[in-house]
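# Prediction below, plus the sequence it came from.
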Amino acid sequence: MLTLTGLRKTFNPGTVNEVRALQGVDLTIEDGSFVIVLGMNGSGKSTLLNAVAGTFIVDTGRIELAGHDVTRWPEHRRAKLIGRVFQNPFSGTAPNMSIAENFALAARRGQSRGLGFALSKDLMAPLRDRVASLKMGLEDRLDNAIGSLSGGQRQALTLLMATWLKPELLLLDEHTAALDPKSGDQVITLSEEVIGRDKLTTLMVTHSMQQAVSLGDRLLMMHRGRVIHDFSGSAKKRLRPEDLIDLFDEIRRRELLDESAATMLQSLYV
Amino acid sequence: MTLLVGAFTIGLILALLSLGVLVSFRIFGLPDITADGSITLGAAVTATLCAQGINPILATAAGMLSGALAGAFTGILHTKFKINALLAGILVMTALYSVNLRVMGRSNIPLMQHTTLGTWGENFGHTLLGEGGLMVFGWRVGAGEVALLLGSCAIAVLMALALFAFFRTHLGTAMRATGDNPQMIRALGANVETHIILGLALSNGLIALGGSLLAQYQGFADAQMGIGMIVWGLASVIIGEALTGGRSLGLTLVGAIMGSVLFRLLVAVALRWGLNPNDLKLITALFVFLALILPGLLKKFRRAPVQSAAVAGSQL
């Protein structure tokens, strides 16, 4: 279970570049829940994921994951509990190392790494099977450098790597945004399979309305560093892409109003 | 022939330098120039201990460890204090110059009168081959020289094998990934900072071992002996990559050794042809400069016609 209490984060405080990325996020995610996070650019959805992953330490608030208070844990320590797939397909794999070596690294996520031989037989047999299940023909290329593969292939492998050891929480950060539609669909299908099979607690950021309505059992909409809508259960199931577009329009109208109201007030009183 | 055997031997000893440079520059992608200081530190520590009659093996191990410590310092400056890697290396290298003088107590320690690994090697050669030495292609080569050549070859190969094995363990693989994609390996739970400190310790340990063996081979340690060594190491690594086209880990390691030997041979030949030894560092620097820009230039030349062909193709 993931519990966030009063998360706040401001980047570059006190400068012209000040960004209040998170302005008080309270959230509880039950075990096995697949949560979609939606929001406009700059709404704080990726920041939320990075706060949970430990890319930075939050200013105030508390992060609890699987019974641990991880608020002050550095990123590499949280990795024991968290599997991640990044937006950039190049971020999740070591390009100059072979597919097998990348998986050997993933098979030790968050564990101590001793002087045992990395590419042991215990790893290679299940690895071949899992990679073969992707039906990308990669099982015969396990010794090839991962950098020689396409973005879609690399993203599929990253997803397998992130879930090789069952994580307490899986973070997917727009992991299909940089892919062409076909490989994007493949990766989404794979994500559904893996998440469904292992009942993974998942937090997925997306820009795609289609993905937002068809995936997951709960949907959060973020705006200006806060969660402004939270749909779950039957409300989530009833959502259509048009509903989401309406919600976005509403946000946009409110933004416009805010701005024009501000200028009006400014012209009158300043 | 003596010249040639000498060049081979020094090439093999300095292969440890190029292996160290390979670890920091290529595997970790860190421009660590601590090498200039740590190679001298290895030589200084070993020479000082040998001059006091300490067992040469212990003295060599101490030299290697001192280099590893220096590398760890650079790593700590870089990771914990967020100092640019190049600057961290310069700081430690500069500090080491004083440390080396302190260790030796003077700027030069001659080892001719003392027992070193070099003396052991020569004695072993004499008992094995007799005083006459060996006939190689019609030239007479001293038994001691042959023994030292084989000894340095054995050490270089042994170290390369050890590195090869290490970089295929769980820890070693994670350390390679640290250089390849730090974001990824952090997300997989590895402490990138620790890996960098370990890696620079490993790199400079190897380099200091090279310095220690070099001092024992040439019979002295000198405070100035490290100047420009990083460029020599880099030149060897570059030559090695050109020779093997090294993509895989094994090939790059073999390449580093071959590169170092070939570089020494080139230097020996150039000096024999009358190159002023004072110009050696200038020429090495020029060589590294060329080697660094050549791949980019070649790509440009190669890409130009391809691009125009593609444009022509799209117009059709």
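Perfect, thanks for sending it. Numbers count the residues shown, from 1 in each chain, chains lettered A, B, ... in the order given.

# and the gap between A:Arg226 and B:Leu161?
According to Cβ to Cβ, to the nearest Å, A:Arg226 stands 58 Å off from B:Leu161. The C-beta positions use only the backbone N, C-alpha and C, and glycine is treated the same way.

# likewise A:Ala53?
According to Cβ to Cβ, A:Ala53 and B:Leu161 sit 39 Å apart.

# These two - which one has more neighbours?
A:Ala53 (23 against 12; other Cβ atoms under 10 Å in any protein chain shown).

# Settle this for me: that one is touching A:Glu75, isn't it.
Yes: the criterion here is Cβ atoms under 8 Å, and A:Ala53 meets it with A:Glu75 at 6.4 Å.

# list the residues that contact both of those two?
B:Ala187 (Cβ atoms under 8 Å, 6 or more residues apart in numbering or on different chains).

# where does the nearest residue to B:Ala187 once chain neighbours are set aside land on pLDDT?
What sits nearest to B:Ala187 in space, not counting adjacent residues and going by Cβ to Cβ, 6 or more residues apart in numbering or on different chains, is A:Arg84, at 4.8 Å. At A:Arg84, the predicted lDDT confidence score is 96.

# what's the burial count for A:Arg84?
If we define neighbours as other Cβ under 10 Å, then A:Arg84 has 31 of them.

# what sits against it?
A:Ala53, A:Gly92, A:Ala162, A:Leu170, A:Leu171, A:Leu172, A:Asp173, B:Ala187.

# Mean confidence (pLDDT) on the lengthiest helix in chain A, please.
In terms of residue count, the longest helix belonging to chain A (DSSP state H) is helix A:241-269. The pLDDT scores in helix A:241-269 average 79.

# again, but for stretch A:184-195
Per-residue pLDDT over stretch A:184-195 has a mean of 94.

# How about residues contacting that stretch?
Here stretch A:184-195 has contacts from A:34, A:134, A:152, A:155-156, A:159-160, A:163, A:170, A:172, A:175-176, A:179, A:200, A:202, A:204, A:211, A:215, using Cβ under 8 Å, 6+ apart.

# Can you name every helix or strand that the strand or helix carrying B:Val103 contacts?
Take DSSP states H and E as the rule and B:Val103 turns out to sit in helix B:85-104. Secondary-structure packing of helix B:85-104 (3 or more Cβ pairs under 8 Å, 6 or more residues apart in numbering or on different chains; DSSP states H and E): helix B:35-51, helix B:56-79.

# To B:Gln113, which of those lies closest?
Among the helices and strands packed on helix B:85-104, helix B:35-51 comes nearest to B:Gln113, with 8.4 Å by Cβ to Cβ.

# you'd agree A:Val25 is up against A:Lys45?
No: the criterion here is Cβ under 8 Å, and A:Val25 misses it with A:Lys45 at 10.3 Å.

# So for the two, which residue has more residues nearby?
Using other Cβ under 10 Å, the more surrounded residue of A:Val25 and A:Lys45 is A:Lys45, with 28 against 24.

# wait, what's in contact with that one?
A:Lys45 neighbours (Cβ under 8 Å, 6+ apart): A:Val37, A:Leu38, A:Gly39, A:Val205, A:Met222.

# quick one on the thing from earlier: reformat the contacts of A:Arg84 into TSV and put pLDDT, secondary structure and distance to A:Pro241 next to each item.
Putting those into TSV (pLDDT from 0 to 100; DSSP: H, G, I helix; E, B strand; the rest coil; distance: Cβ to Cβ, whole Å) gives the following:
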residue	pLDDT	secondary structure	distance to A:Pro241
A:Ala53	96	helix	28
A:Gly92	94	coil	28
A:Ala162	96	helix	28
A:Leu170	97	strand	24
A:Leu171	97	strand	24
A:Leu172	96	strand	19
A:Asp173	94	strand	21
B:Ala187	94	helix	31
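
# ok, so of the residues you listed, who is nearest B:Gly250?
Nearest member of the contacts of A:Arg84 to B:Gly250, counting by Cβ to Cβ, is A:Gly92, at 26.1 Å.

# how close does the closest one sit to chain B?
6 Å (Cβ to the nearest Cβ, to the nearest Å).

# Next, give phi and psi for that residue.
Here is the backbone geometry of A:Gly92 (degrees, to the nearest 10): phi -90, psi 0.

# show me what contacts it?
A:Arg84, A:Val85, A:Phe86, A:Arg154, A:Gln155, A:Thr158, A:Met161, A:Ala162, B:Met184, B:Ala187.

# Pull out the buried members of these.
With burial judged by 16 or more other Cβ atoms under 10 Å in any protein chain shown, the buried subset of these is A:Arg84, A:Val85, A:Phe86, A:Arg154, A:Gln155, A:Thr158, A:Met161, A:Ala162, B:Met184, B:Ala187.

# What about these, which are in strands?
A:Arg84, A:Val85 (DSSP state E).

# Next, format the buried ones among the contacts of A:Gly92 as CSV and append distance to B:Leu198.
Shown next, in CSV, are the buried ones among the contacts of A:Gly92 (distance: Cβ to Cβ, whole Å):
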residue, distance to B:Leu198
A:Arg84, 24
A:Val85, 28
A:Phe86, 26
A:Arg154, 28
A:Gln155, 31
A:Thr158, 26
A:Met161, 23
A:Ala162, 25
B:Met184, 18
B:Ala187, 19
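
# of the buried ones among the contacts of A:Gly92, closest to B:Val288?
For the buried ones among the contacts of A:Gly92, the nearest to B:Val288 is B:Met184 (30.5 Å; Cβ to Cβ).

# show me where the stretch 51-200 of chain A has strands.
In the stretch 51-200 of chain A, the segments counted as strands under DSSP state E, counting those that start in this stretch are A:60-65, A:68-69, A:82-85, A:169-173.

# which parts of the first one are buried?
Buried positions in strand A:60-65, judged by neighbour count with 16+ other Cβ under 10 Å: A:Gly61, A:Ile63, A:Leu65.

# Am I right that the last one is in contact with A:Glu168?
Yes: A:Leu65 lies in contact with A:Glu168 (Cβ under 8 Å); the separation is 6.0 Å.

# Residues that sit against both of those two, list them.
The contact sets of A:Leu65 and A:Glu168 overlap at A:Leu81, A:Ile82 (Cβ under 8 Å, 6+ apart).

# ok so, going back, now the strands of the stretch 51-200 of chain A as TSV including distance to B:Met112?
What follows is the strands of the stretch 51-200 of chain A, written out as TSV (distance: least, Cβ to Cβ, whole Å):
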stretch	distance to B:Met112
strand A:60-65	66
strand A:68-69	63
strand A:82-85	60
strand A:169-173	65
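
# for these, which one sits closest to B:Trp139?
strand A:82-85 (63.1 Å).

# Run the chain-centre distance for the closest one.
7 Å (Cα atoms, centre = their mean, to the nearest Å).

# Please apply the same query to stretch B:4-19.
Computed by Cα atoms, centre = their mean, the separation of stretch B:4-19 from the middle of its chain amounts to 9 Å.

# go on, stretch A:91-107?
On Cα atoms, centre = their mean, the centre of stretch A:91-107 falls 19 Å from the chain's centre.

# thinking again about what came up before, could you identify the most distant pair in the contacts of A:Lys45?
Between all members of the contacts of A:Lys45, the farthest pair (by Cβ to Cβ) comes out as A:Val205 and A:Met222, at 9.1 Å.

# joint contacts of these two?
Going by Cβ under 8 Å, 6+ apart, residues that sit against A:Val205 and also against A:Met222 are A:Val37, A:Leu38, A:Lys45, A:Leu48.

# Take those and keep only those in helices.
A:Lys45, A:Leu48.

# Quick check: the farthest pair among the shared contacts of A:Val205 and A:Met222?
Farthest apart among those - using Cβ to Cβ - are A:Leu38 and A:Leu48, which lie 11.6 Å from each other.
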